[in-house]
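Participant: I'd like to go over a predicted model; first the sequence, then the structure.
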Amino acid sequence: MPKAYKVTKRTLMFDKEHPRDVYNVAPVTYGTLTTDDVAQQISAESAVTPGDVKNVLDRYAYYVKENLKKGYAIQLLGFGVLNIRFIKGRGVDAESKANASLIKALVPSFTPSFTVVNGMRKYDLLPDKVQLVKYAGTVAATDDGSGSMPGEPSEEPTDPIV
């Protein structure tokens, strides 16, 4: 599986007389797949209609939210754990002052599932090998039937990252 990246440039201004350009890399996505797109893909490999798949995904999303509201963390098969995290203000100097007023916002928190292999994390969401390719930005955004996704880079991949 190739993963595209682009080169980014940033100018560091440590002092006004000697700006310094630094370069780095950033991931490039090929677009966003919607629930409709995924339902079509699942339907193509099974005996259920895209509508049936969407109904199951809708119910799944509903019950994930409902159970988060009840205070549960949700283990998403093959993905990881979804939970609710607090955005907090400053700490206080006495336990008696620590209460819900310290919580400024609630945000979803996701911890991807992984296994440890040879002392390194292997994330379940990632394929075994990923090839990095420099994004040229000149690819047509249509599927030509070759098996590649729309917008994928056309350059040769680098060595795989394991």
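Facilitator: Thanks, I have it. Residues are numbered from 1 along each chain as shown.
Participant: as a whole number, average confidence for the strand or helix carrying I84?
Facilitator: Element membership for I84, per DSSP states H and E: strand 80-88. Summarised as a single mean, pLDDT over strand 80-88 is 96.
Participant: Does anything pack onto that strand? Which helices or strands?
Facilitator: Secondary structure elements in contact with strand 80-88, counted by 3 or more Cβ pairs under 8 Å, 6 or more residues apart in numbering; DSSP states H and E, are helix 50-69, strand 74-76, strand 103-112. Glycine gets a C-beta too; all of them are placed from N, C-alpha and C.
Participant: Outside of the shortest one itself, list whatever touches it.
Facilitator: Contacts of strand 74-76 with the rest of the structure, by Cβ atoms under 8 Å, 6 or more residues apart in numbering, involve V64, N67, L68, V81, L82, N83, S113.
Participant: Equivalent analysis for the last one, please.
Facilitator: Here strand 103-112 makes contact (Cβ under 8 Å, 6+ apart) with 68, 79-89, 123-125.
Participant: ChimeraX command to pick out the buried ones of those residues?
Facilitator: Buried subset of the contacts of strand 103-112, written as a ChimeraX selection, criterion 16 or more other Cβ atoms under 10 Å:
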select :68,80,82
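Participant: on that earlier part again, out of the helices and strands packed on strand 80-88, flag the one nearest L132.
Facilitator: Nearest of those to L132, taken as Cβ to Cβ: strand 103-112 at 19.8 Å.
Participant: And the next helix or strand past the closest one?
Facilitator: strand 114-117.
Participant: Quickly run through the sheet partners of the next helix or strand after that next one, with directions.
Facilitator: As assigned by DSSP H and E, the chain's next helix or strand after strand 114-117 is strand 120-123. When pairing is defined by DSSP bridges, strand 120-123 lines up against strand 114-117 (antiparallel).
Participant: could I get the partner strand in CSV with only the CA atoms?
Facilitator: Written as CSV, here are the backbone C-alpha positions of strand 114-117 (Å, rounded to 0.1, in the frame of the first residue of the first chain):
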residue,chain,number,x,y,z
PHE,A,114,-1.9,-2.5,18.8
THR,A,115,0.3,-5.5,19.6
VAL,A,116,3.9,-5.3,20.6
VAL,A,117,6.3,-7.1,18.2
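Participant: which residues sit against that strand?
Facilitator: R121, K122, Y123, D124.
Participant: What does the pLDDT read for P153?
Facilitator: At P153, pLDDT is 47.
Participant: Same question for L57.
Facilitator: 94.
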